[in-house]
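Q: Mind looking at a prediction? Sequence and model below.
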Amino acid sequence: MKTLRIGNGCGFWGDNIDAPIRLAQRGKLDYLTLEYLAELTMSILALQKQRDPDKGYAGDFLDVLARLTPILHQQPKLKIITNAGGMNPLACAHRARSILAKAGLARKIGVVTGDDLMPCLDALLPAHPFTNLDTGEVLQTIRPRVVSANAYLGARPIADALAQGADIVITGRVADASLTVGPAMHEFGWAPDAWDRLSAASVAGHLIECGAQVCGGLWCSWRDVSDWADIGYPFVDLHDDGAFTISSDAGPGVIRETMIEQLLYEVGDPARYLTPDVVADFTSVAVQPVDGRTMRVSHAKGTPATDTYKVSIAYRDGYMASGTLVIAGPGAVEKAKISGEALLQRTGCTFDRSNIECLGAGACAPGIVSPLRTGGEGPGVRGELAEVVLRVSVHDHRKEAVERFAKEFAPLVTSGPPGVTGYTTGRPPVREVFAYWPAVVEKSVVQAKVEILK
Amino acid sequence: MIRLSDIAHGRSGDKGNHANIAVIAYTQAGYDWLRDHLTAELVSIYFAPMKPSRVQRFEAPNVWGLNFLLNDILAGGASRSLRIDTQGKTLALTLLQMEIGVPASIEAMKRPFTT
């Protein structure tokens, strides 16, 4: 029976740059997938493209590709699927082609576009209102501030590119799991309504999309990881019937605990995990260990995909800055609070939003993990803290107000309570905020486009 | 009293301004106990200081998992939250520190010894 091995060497833009190289070397892969696009990455790439029409893609991919070229010589059949194209898949593909040419490699590059809805946004409005899934507002209210709008395309255009002979497929926004579903659809020739199989491949794609998170990363039993330096990256061995095994190229491998933590990661209703390809039912799968570092997943059920694509929209939403100071010695928590309040008052501004945090005293779960709780109920911090990190943040529609704020950290070193230190990194940077607007749009109005680079 | 982490592990992450927290039992007995006791209401009360607008619970008995969706708990989410944990990455650890009464069959719920 044919087995397809797909490994994911990158879980987000910023992930370990050696992982894809090691996974390709050690993994005996048929396909290497590389995932670069978080929810808000597209807005940053959109602005890069505005400034320079040849930019707007995940540049890390090109470095990885250059370092992969010796392996591509050794493994002529290895294929690569990546969403590194971001807002400019074509420019990314042209750069990739010259890297391959320089290395003496003749590989066909497939490019998937059509996810970028900005060119047709005004034609689609208001018939397609892009209603905010969280707030119920219509997009018209913020239309002038929209920076990017991308539909999450599915696996079909990736499979089409492969059918047209592509060895490397570079896409813009596609659903993360579809990077895995695409090759499976192509290799096994699954029908578009093979819902159970598409569901199985989506489960596989979901499990590996965040890289090491399925094979030791974030694992609650972290003391069981013996070599954190080489944690390992995951791959699946997928069969035509949709059953698959999952393991990794190093580290603790994939065991029940690591896999289930990742199965439910960033999931709403696990019985209805929506992708552009299928509605996958994670509660249908049977899981069992194969050996100490491999799990088997089978019996996935799926139902027909919805007739909409999810759309990720980013819009300009003012300015933010966050700065930190270290506050040490007796009364650190109390001193941090006093210092943070003084800092905000000294700016003379009233901000749209502000926040004072005391890192070290339960700031990750404000009000729940309490500072200096000495016993009794609830999670707490025991005993007096030697030092804390004061973090103050503001958000405002006026850039100058946020810039004023950024100048108030240094003065506390001489005009605050004793024990203020850690001011070595200069004024905190003021950054523009791109807020997230989740929506959907009918599939019928989005045209995915596949081309093979000549 | 014991902590939830004595019978379960978990992971949390963001979905826009919402967070999900998966709580996964180490054994079937542990899952049965969690399903009966770790209600959406209890989780909602626990996280009340962070003001979720709504807490939903989903069951995944095949993997001994309960998945909680906490709406609007991230103070703006990845793009505009002013908190250090913009994406709720640490919320699972916070929930797993919840103190619970010792279940009668606690021994059948603990993490099995693995090599």
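A: Everything's here; your move.
Q: Could I get the contacting residues of A:Met87?
A: A:42, A:45-46, A:48-49, A:56-57, A:116, A:148, A:150, A:172 (CB atoms under 8 Å, 6 or more residues apart in numbering or on different chains). (Glycine included, C-beta is placed from N, CA and C.)
Q: who's in contact with the longest helix seen in chain B?
A: Secondary structure of chain B read by DSSP state H shows that its longest helix is helix B:28-37. By CB under 8 Å, 6+ apart, the residues outside helix B:28-37 that reach it are B:7-8, B:23, B:25, B:59, B:61, B:64-66, B:100, B:103, B:105, B:108-110.
Q: longest strand anywhere in chain A?
A: Using DSSP state E, we find that the single longest strand of chain A is strand A:308-328.
Q: Packing partners of the helix or strand just after it?
A: Using DSSP states H and E, the helix or strand that follows strand A:308-328 in sequence is helix A:332-346. Contacts defined by 3 or more CB pairs under 8 Å, 6 or more residues apart in numbering or on different chains; DSSP states H and E place helix A:332-346 against strand A:308-328, strand A:353-359, strand A:387-396, helix A:412-415.
Q: Only the buried residues of the shortest one, if you could.
A: Right, the one you point to is helix A:412-415. Neighbour-count burial for helix A:412-415, counted by 16 or more other CB atoms under 10 Å in any protein chain shown, picks out A:Leu412.
Q: Just the C-alphas of that helix, formatted as CSV.
A: Provided in CSV are the C-alpha atoms of helix A:412-415 (Å, rounded to 0.1, in the frame of the first residue of the first chain):
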residue,chain,number,x,y,z
LEU,A,412,12.0,56.7,36.9
VAL,A,413,15.5,55.5,37.3
THR,A,414,16.3,58.7,39.3
SER,A,415,12.8,59.9,40.3
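Q: in chain B, which spans are strands?
A: B:2-3, B:8-15, B:18-25, B:54-60, B:65-71, B:99-100.
Q: Of all those strands, which one is nearest A:Asp281?
A: Nearest to A:Asp281, of all those, is strand B:54-60, at 9.8 Å by CB to CB.
Q: Contacts only, for the closest residue to chain B within the stretch 301-450 of chain A.
A: Closest contact between the stretch 301-450 of chain A and chain B, by CB to the nearest CB, is at A:Gly367 (2.6 Å). For A:Gly367, the residues meeting the contact criterion (CB under 8 Å, 6+ apart) are B:49-50.
Q: which SS class is it?
A: With DSSP: H, G, I helix; E, B strand; the rest coil as the basis, A:Gly367 sits in coil.
Q: so what's the residue of chain B found nearest chain A closest to, chain neighbours aside?
A: Here the residue of chain B nearest chain A is B:Pro49; by CB to the nearest CB that distance is 2.6 Å. Sequence neighbours aside, A:Gly367 is the residue nearest to B:Pro49 in space, at 2.6 Å (criterion: CB to CB, 6 or more residues apart in numbering or on different chains).
Q: And the one you found, what's its pLDDT?
A: pLDDT recorded at A:Gly367 is 89.
Q: next one: the one 4 residues further on
A: The predicted structure scores A:Pro371 at 62 on the pLDDT scale.
Q: try B:Thr114
A: pLDDT, B:Thr114: 58.
Q: so what's the nearest residue to A:Ser178 once chain neighbours are set aside up against?
A: Distances taken as CB to CB, 6+ apart place A:Ala155 nearest to A:Ser178, at 4.1 Å, with adjacent residues excluded. Residues counted as contacts of A:Ala155 (CB under 8 Å, 6+ apart) are A:174-175, A:178, A:181-182, A:184-185, A:198, A:201, A:276-277.
Q: Restricted to helices, list those.
A: Using DSSP H, the members of the contacts of A:Ala155 that fall in helices are A:178, A:181-182, A:184-185, A:198, A:201.
Q: isn't A:Cys349 right next to A:Lys399, touching?
A: No: the pair A:Cys349 / A:Lys399 is not scored as a contact, 11.9 Å apart, by CB atoms under 8 Å.
Q: Which one of the two is surrounded by more residues?
A: A direct count of neighbours by other CB atoms under 10 Å in any protein chain shown for A:Cys349 and A:Lys399 places A:Cys349 higher, at 18 against 13.
Q: So the closest residue in space to that one that isn't next to it in sequence, which state does it fall into?
A: Leaving out its chain neighbours, the residue that sits closest to A:Cys349 by CB to CB, 6+ apart is A:Ala401, at 4.6 Å. Recorded secondary structure, A:Ala401: helix (three-state DSSP).
Q: burial of A:Ala401, as a residue count?
A: Neighbour count of A:Ala401, defined by other CB under 10 Å: 21.
Q: surely it meets A:Leu344?
A: No: with contact defined as CB under 8 Å, A:Ala401 does not reach A:Leu344; the gap is 11.3 Å.
Q: So for the helix or strand of chain A with the lowest mean pLDDT, what gets flagged as buried?
A: Across the helices and strands of chain A, the lowest-confidence element by mean pLDDT, DSSP states H and E is helix A:41-51, at a mean of 91. By neighbour count on 16+ other CB under 10 Å, the buried set for helix A:41-51 is A:41-49.
Q: List, out of these, those positioned next to chain B.
A: Counting by CB under 8 Å from any CB of the partner chain, nothing from the buried residues of helix A:41-51 sits close to chain B.
Q: re earlier: what helices or strands is the longest strand of chain A leaning on?
A: helix A:41-51, strand A:146-151, helix A:332-346, strand A:387-396, helix A:399-406, strand A:420-421, strand A:431-442, helix B:77-80.
Q: same thing but at 7 Å, please
A: helix A:41-51, strand A:146-151, helix A:332-346, strand A:387-396, helix A:399-406, strand A:420-421, strand A:431-442 (3 or more CB pairs under 7 Å, 6 or more residues apart in numbering or on different chains; DSSP states H and E).
Q: So what are the sheet partners of the fourth one and their directions?
A: By that I understand strand A:387-396. Here strand A:387-396 is paired, per DSSP bridges, with strand A:308-328 (antiparallel), strand A:353-359 (antiparallel).
Q: as a whole number, average confidence for it?
A: Average pLDDT, strand A:387-396: 97.
Q: Work out the gap between it and the centre of the chain.
A: Between the centre of strand A:387-396 and the centre of its chain there are 25 Å (CA atoms, centre = their mean, to the nearest Å).
Q: Next, the angle from that strand to helix A:399-406.
A: Put simply, strand A:387-396 runs at 170 degrees to helix A:399-406, going by axes from the mean of the first three to the mean of the last three CA atoms, to 10 degrees.
Q: Strand A:387-396 to helix A:332-346, inter-axis angle?
A: Angle, strand A:387-396 to helix A:332-346, by the same axes, to 10 degrees: 30 degrees.
Q: From the rest of the structure, what touches strand A:387-396?
A: A:318-328, A:332-333, A:336, A:339-340, A:343-344, A:351-361, A:402, A:405, A:433, B:80, B:82, B:84 (CB atoms under 7 Å, 6 or more residues apart in numbering or on different chains).
Q: try the third one
A: The list of residues contacting helix A:332-346 from outside it, by CB under 7 Å, 6+ apart, reads A:325, A:327, A:354, A:356, A:358, A:361, A:371-372, A:385, A:387-388, A:390, A:392, A:408-409, A:412, A:416-417, A:419-420.
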